[in-house]
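Engineer: The following comprises the amino acid sequence and a computationally predicted model.
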Amino acid sequence: MAGNWKLNPSTVQEASSLLKLLASNFIHHRDNNSAEVVQHQLQPEVIVFPPFPFIERAVSILEGTGIKVGAQNVGTAVKGAFTGEVSTSMIRSLGCDYVMVGHSERRTIFDETDEIINTKIKLALEEGGLKIVLCVGESLEEYENELLSSVVNLQIKKALKDISKDQIMNSGGGCNLIIAYEPIWAIGTGKVATPVQAQMAHVVVRKTLEELYGWDIANQIQIQYGGSVTPDSIADLMSMADVDGALVGGASLTADGFTRIVDGASSAASGLLPRLPPLPPKELTALEVVSCKNVLGESPIWSVKDQALYWISAPEEEVWTWNLIDAPYRRLFGTTIGCIALRGSSSNNGGGNLLIAGERAFLETRMTQRGENMNDFSSASGEQVSVFCDRPEQTETTRPNDGRVDREGRLVIGMYNNYHRSGSSEGENNCGLYRLDPITKSIQSLFPSNYKYRVSNCISFSPDGRTLYFCDTPTRKVYAFDYPESADGTLLSNRRLIWTMPSNLPGGPDGAQVDADGGLWMAISGAGLVVRVHPSLPGIVDYVVHLPVKSPTSCTFGGIDLDELFITTRGPDGGGLYRVKMPFGIRGLPEPEFGSSSGSGTVPMSPVSYPQQQQQQQQQSVVQEKPIAPPPVYGSAPSYLDTL
Ligand code: PGA
């Protein structure tokens, strides 16, 4: 998969920023210490072709990511009085692995002939260590006159004139040549060839290569399709037998777009493996049950003890609760909230029933059903809310985000990069993942100090508590880790990729919860879906919940039998709380409480009984308690709205 930046972007600063974002997306593919590498053997080779002035920077920023760098062009002279020219040895010495020749823009705008192209290829091959992407393709007029075969056949033969098999294959058995078939009528026009059109043209290319070098070699030369490739079109193109990759122009100029194209290519490639086709997922639909209009609903948790659901609206500084019968209500906390956790009664010393990961500190509070005495919270000061302890990373560039309590009663909390979507440090991975001990209040980092990310999400545990799921949302990949139960400083280990979000879905994985069978239910923010990744078949989705709004943010199991999925959403089109009854046999586990070792919990096995009365309570009116004064804090932190 190759990205052709053409004459973009305008400055080295913009180029660096794009390169850093790419590096941060792709570094996740290349963790040599993890089993994930095995899964990524299908990962396509990735090459970027920046303009000459950015090459050196590209090589240095992309080092260690596995992404290769190529030059978009090269001159026809080796050295001497050729003002303005660039030689193969120059680009090779910068660390380029590839050089592109024969792009249609060079042929048409700069009058490059097949003879010039042939000279450049010979020079590049003689240089040693440089591989070639040779672009070919017909114009619209040629296509309409059915000249595709003869044009492409001739272009390849002339470009490769007097180049032997031995030059095409390198000494290590690899191939020095990639052909990019790019119909000129599809380049930069938004008109992508249909997969069948691309396949037919690629067969012409393959046959020409066979004529020149025989079947064995022709079969090893990769043929890329180019021309308006997007994340939406890549999977279908790659499903064609002779489409081995893509040369991407416009869509390679954003890290997200290009990453989605590479991901789309790899999932399409893995589809070529001989394996039984999975059954289509079962479809469910969630309905709105509380129209709470949350700007950013998050962190739903069900308390078996309270028989109530709690959730937050992060930037509105609200915690909500609903017992499924009475009117839901909310309280304001005067601090942006990342997530909440239930507090175990055994060790909370009267500190309330909720732990709140506030923007500036962990808080404890009592949040009960309306009508109960809210003042039975007996913290030292008798206040309804107090600081439990400082939060990790006491800096304004991050804040607490997703989190869940482990089976030992400790809170695992991930951070959010406040500047992720704006400003010069947009691409910085500066967040860590932590574990808060309820007794000692100590905070342990769970990732090695050099492993940072942007937006924590999907944090949840397997039923036995030994596996932690995690996603850095912008990468659209969900990982499983071995979770260290002991508090001896052991870190998360054995990273496995369990799901890559398909390129045709917009948005990214957000909050998640695991069911009693270990299935991972993930809110896909932006796509209006919650999906279950099958526990024993990583990568396979077997349930899909549809929502009528775009951005579900998280989900959890609740209700008397823990067999309903509650889904928080965000504005502007969403914001309500949604609910869907699970198919027979699927249910959740009791939510572990911060401060009590709850094991994997026992699932109530009583028959499903859903009182008539509850079904009538679809839209509840909201009762708002009076705002609570925020507790003492250190410093101030930027507010955020555009947050997953
Ligand atoms: P495009 O360019 O993807 O913007 O159409 C492809 C290319 O010219 O290589």
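Structural biologist: Perfect, thanks for sending it. Predicted model, so just to flag it, every value in this text is computed and none were measured.
Engineer: How many residues are close by the nearest residue to Val248 once chain neighbours are set aside?
Structural biologist: Leaving aside its chain neighbours, Val248 sits nearest to Val229 (4.8 Å; criterion: Cβ to Cβ, 6 or more residues apart in numbering). Glycine gets a C-beta too; all of them are placed from N, C-alpha and C. For Val229, the neighbour count with other Cβ atoms under 10 Å is 30.
Engineer: Need the three-state assignment for Val229.
Structural biologist: Following DSSP: H, G, I helix; E, B strand; the rest coil, we place Val229 in the coil state.
Engineer: How about the residue nearest in space to the middle of the chain: what's its closest non-neighbour residue?
Structural biologist: Residue closest to the mean C-alpha point of the chain, counted by Cα atoms, centre = their mean, is Arg476 at 1.2 Å. Closest residue in space to Arg476, ignoring its immediate chain neighbours: Met501 at 4.0 Å, by Cβ to Cβ, 6+ apart.
Engineer: Strands along the stretch 351-500 of the chain, start to end?
Structural biologist: For the stretch 351-500 of the chain, applying DSSP state E, counting those that start in this stretch gives strands covering 354-358, 361-365, 385-390, 398-405, 411-417, 433-436, 443-445, 456-461, 467-472, 477-482, 493-500.
Engineer: quick one, phi psi at the residue nearest to Val248?
Structural biologist: Backbone geometry at Val229, expressed as degrees, to the nearest 10, gives phi -70, psi 140.
Engineer: who's in contact with it?
Structural biologist: By Cβ atoms under 8 Å, 6 or more residues apart in numbering, the contact set of Val229 is Val192, Leu237, Ala246, Leu247, Val248, Gly249, Ala251, Ile261.
Engineer: that older thread, contacts only, for the residue nearest to Arg476.
Structural biologist: Taking Cβ under 8 Å, 6+ apart, we find Met501 in contact with Asp263, Arg476, Lys477, Val478, Gly508, Pro509, Ile524.
Engineer: Out of those residues, who's the most crowded?
Structural biologist: Pro509 (30 neighbours).
Engineer: which intervals of the protein have sub-threshold pLDDT?
Structural biologist: 28-43, 267-279, 345-352, 368-384, 421-427, 535-539, 597-644 (pLDDT under 70).
Engineer: who in it is up against the ligand?
Structural biologist: For the chain, the residues in contact with the ligand (Cβ under 6 Å from any ligand atom) are 4, 182, 187-188, 226-229, 247-251.
Engineer: Go ahead and confirm Arg407 touches Thr467.
Structural biologist: No. Using Cβ atoms under 8 Å, Arg407 is not in contact with Thr467, being 11.1 Å away.
Engineer: shared neighbours, those two?
Structural biologist: Phe461.
Engineer: which residues does whatever residue of the stretch 451-600 of the chain ends up closest to the ligand contact?
Structural biologist: The minimum distance from the stretch 451-600 of the chain to the ligand, using Cβ to the nearest ligand atom, falls at Ser503 (15.0 Å). Applying Cβ under 8 Å, 6+ apart to Ser503 gives the contacts Pro231, Asp232, Ile234, Ala235, Arg260, Ile261, Asp263, Gly264, Ser267.
Engineer: Could you say which helix or strand holds the residue nearest to it when sequence neighbours are not counted?
Structural biologist: Using Cβ to Cβ, 6+ apart and skipping the chain neighbours, the partner closest in space to Ser503 is Gly264 (3.0 Å). Using DSSP states H and E, Gly264 sits in helix 255-270.
Engineer: pull the CA atoms of that helix into CSV?
Structural biologist: Written as CSV, here are the backbone C-alpha positions of helix 255-270 (Å, rounded to 0.1, in the frame of the first residue of the first chain):
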residue,chain,number,x,y,z
ALA,A,255,-3.2,9.9,8.6
ASP,A,256,-6.7,8.6,9.4
GLY,A,257,-7.6,8.1,5.8
PHE,A,258,-4.5,6.3,4.9
THR,A,259,-4.5,4.2,8.0
ARG,A,260,-8.1,3.2,7.2
ILE,A,261,-7.1,2.2,3.7
VAL,A,262,-4.2,0.1,5.0
ASP,A,263,-6.5,-1.5,7.5
GLY,A,264,-9.1,-2.1,4.8
ALA,A,265,-6.5,-3.7,2.6
SER,A,266,-5.3,-6.0,5.4
SER,A,267,-8.8,-7.1,6.4
ALA,A,268,-9.6,-7.8,2.8
ALA,A,269,-6.4,-9.7,2.4
SER,A,270,-7.1,-11.8,5.5
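Engineer: If anything else comes up later, I'll come back, but that's it for now.
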